[in-house]
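Asks: Sequence first, predicted coordinates after that:
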Amino acid sequence: MSNISTQLLFGQLLIGLINGSFYAMLSMGLAIIFGLMNVVNFAHGAQYMLGAFAAWILLNHFGISYWGALLIAPVVVALFGLVMERLVLKPLQNLDHLYSLLATYSVTLIVEGLVRHQYGSTGMPYESPLPGGINLGFMFLPWYRLLVLVFSLVTCIGTWLLIEHTKLGAYLRAANENPNMVESFGINVPRMITLTYAFGVGLAGLSGVMAAPIYQVSPSMGSSIMIVIFAVVVIGGMGSIIGAVATGYLLGLLEAITKVFYPQGASMVIFVVMIVALIARPNGIFSAREKTS
Amino acid sequence: MSHDGAPLLAVDNLQAWYAESKALHGMSFEVRQGELLTLIGRNGAGKTTTLRSVMGIVRRRTGSIRLAGEELTGLRTYQIARKGIAYCPEERAIFASLSVRENLALPPVLRTGGLSDDELMSAFPNLRARAGSGGTKLSGGEQQMLAIARILRTGSRFLLLDEPSEGLAPVIVKEIGQLILRLKARGFTILLVEQNLRFARSVADRHVVVENGRVVDTLTTAELDAGMARVKSYLGV
């Protein structure tokens, strides 16, 4: 322990928080989609990647800055999600979950293939919109990473407030439990499902835009993070939004701490936790709510 | 009380399926404006399926379901609800993730004439006292009250109630019966599924006996009393 410098520890913790921010935002979208639709959205990683590519294309082909892309790209990706829900998921809604899982996985392969064909496999850099940073004494904190942390927290808290403390959120929670009953109240549940899916996909797109200046913009960026995101959602509790967010940040930090004290274990620690969580609490640490009968 | 004139709901040759299994084999009956009609029959006769088919929850169905002359079979559940039908299912479907207050306030106001939040709380004082509790923390009777109260908010004047007395203590069943009679007195039209013959008899104007997914008899309450042996043979009691 005494050999580990404060700078290394805090540097890794910052990286852990940044990774955790992406884990939290992506797993939140996945949890929302699963909670309402019972769809394991395997395309979430591809939609995250599309957000990053949309930002890159907007900058390089249309001269639209990061700040413009932060608004436009999530909407574009959400529209992609809307079309995908109508064309791919809706026809499968009455079948076993496995069908939608396979369909979304197929969409992932198609989207990744198309992007790879167009832009190649090597990643492309995206300039940080906020260069520089602040020296905290024990570590250097880049401005952009601070922005990502704050933005991610605001997004997660805002989404949680929307779902837990608004009428729309009450509809979503109720439809999560018993969509037929909510529809029998006169609420257009099919449209709510489409818009919720688009919202979850838009969150993935937003995460992709925010990731572009930190990671390389590459066709495989989604699939490499996706397996971790699934682990986060399983550990947090399928369909539990607060569970997904809390677990996302915690696992990001755990991964970073492991990197400091036992670097060889950093890439597997999340999956060790997942196995332990599955054995000890199969429904997840923050189990989703009970359903109505 | 007579309920003459055109029917509010006319079900004609209704057939419905769960996957490949046919549950209704040509149900036909009418509910008149302001009337309280029960569907009675054994378990599995098709009573609940009839309500779910009227509501569009069972989607695979043929025949005709007309509300005030307007065909409903091509509509989705939310569109049917917006025509003025409210549904209270057998399992009550109280949302566990919502408080009593949230459960009560969940259905949107679809038309004028619904009860306001204050009116609902006044009409159901037990619910006012438990407003902050989780919806499924209530007793069975309170959950049933909540399930009925909730749909009164929408403004719909035609209620489909599926076995509201099921599993409740006799004193609570009596309270539910009084509530249903108060709703009827306020002009609601009610289609009630019921296995409790005594309860059905105490509240309804007419009774439709259902067997194997079709109507086998229709009786007024006076006829029910006169032909109780026959009705009991239908119900197997």
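Replies: Now that the structure is in, tell me what you want to look at.

Asks: you'd agree B:Met162 is up against B:Pro89?
Replies: I think there's a mix-up here, since residue B:162 is Asp and not Met. Yes - B:Asp162 lies in contact with B:Pro89 (C-beta atoms under 8 Å); the separation is 5.3 Å. Glycine gets a C-beta too; all of them are placed from N, C-alpha and C.

Asks: Name the residues contacting each of these two.
Replies: B:Leu51 (C-beta atoms under 8 Å, 6 or more residues apart in numbering or on different chains).

Asks: Please identify the residues of chain B in proximity to chain A?
Replies: Chain B comes close to chain A at residues B:55, B:57, B:76-78, B:81-82, B:86-87, B:89, B:91, B:93-98, B:102, B:105-108, B:110, B:136, B:151, B:154, as judged by C-beta under 8 Å from any C-beta of the partner chain.

Asks: and the nearest residue to B:Ala169 once chain neighbours are set aside, what element?
Replies: Excluding the flanking residues, the one nearest B:Ala169 by C-beta to C-beta, 6 or more residues apart in numbering or on different chains is B:Gly141, at 7.0 Å. Using DSSP states H and E, B:Gly141 falls within helix B:140-152.

Asks: Neighbours of A:Gly120, how many?
Replies: Close neighbours of A:Gly120, defined as other C-beta atoms under 10 Å in any protein chain shown, add up to 11.

Asks: now it: how far from B:Gly74?
Replies: Using C-beta to C-beta, to the nearest Å, A:Gly120 is found at 51 Å from B:Gly74.

Asks: do B:Glu102 as well
Replies: Distance, B:Glu102 to B:Gly74, by C-beta to C-beta: 33 Å.

Asks: buried set for stretch A:81-98?
Replies: Residues A:Gly81, A:Leu82, A:Met84, A:Glu85, A:Leu89, A:Leu92 are the ones in stretch A:81-98 that count as buried (16 or more other C-beta atoms under 10 Å in any protein chain shown).

Asks: Output that stretch as PDB, nothing but the C-alphas.
Replies: Output of stretch A:81-98 as PDB, limited to C-alpha atoms (Å, rounded to 0.1, in the frame of the first residue of the first chain):
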ATOM      1  CA  GLY A  81     -34.300   3.400 -32.100                       C
ATOM      2  CA  LEU A  82     -37.900   4.500 -32.900                       C
ATOM      3  CA  VAL A  83     -37.700   3.000 -36.400                       C
ATOM      4  CA  MET A  84     -36.000  -0.100 -35.000                       C
ATOM      5  CA  GLU A  85     -38.800  -0.600 -32.400                       C
ATOM      6  CA  ARG A  86     -41.500  -0.300 -35.100                       C
ATOM      7  CA  LEU A  87     -39.800  -2.500 -37.700                       C
ATOM      8  CA  VAL A  88     -38.000  -5.100 -35.600                       C
ATOM      9  CA  LEU A  89     -39.200  -5.300 -32.000                       C
ATOM     10  CA  LYS A  90     -43.000  -4.700 -32.400                       C
ATOM     11  CA  PRO A  91     -43.500  -7.700 -34.600                       C
ATOM     12  CA  LEU A  92     -41.700  -9.800 -32.000                       C
ATOM     13  CA  GLN A  93     -43.400  -8.400 -28.900                       C
ATOM     14  CA  ASN A  94     -45.700 -11.500 -28.200                       C
ATOM     15  CA  LEU A  95     -42.900 -14.000 -28.600                       C
ATOM     16  CA  ASP A  96     -40.300 -15.300 -26.200                       C
ATOM     17  CA  HIS A  97     -37.700 -12.700 -25.000                       C
ATOM     18  CA  LEU A  98     -35.000 -14.800 -26.800                       C
END
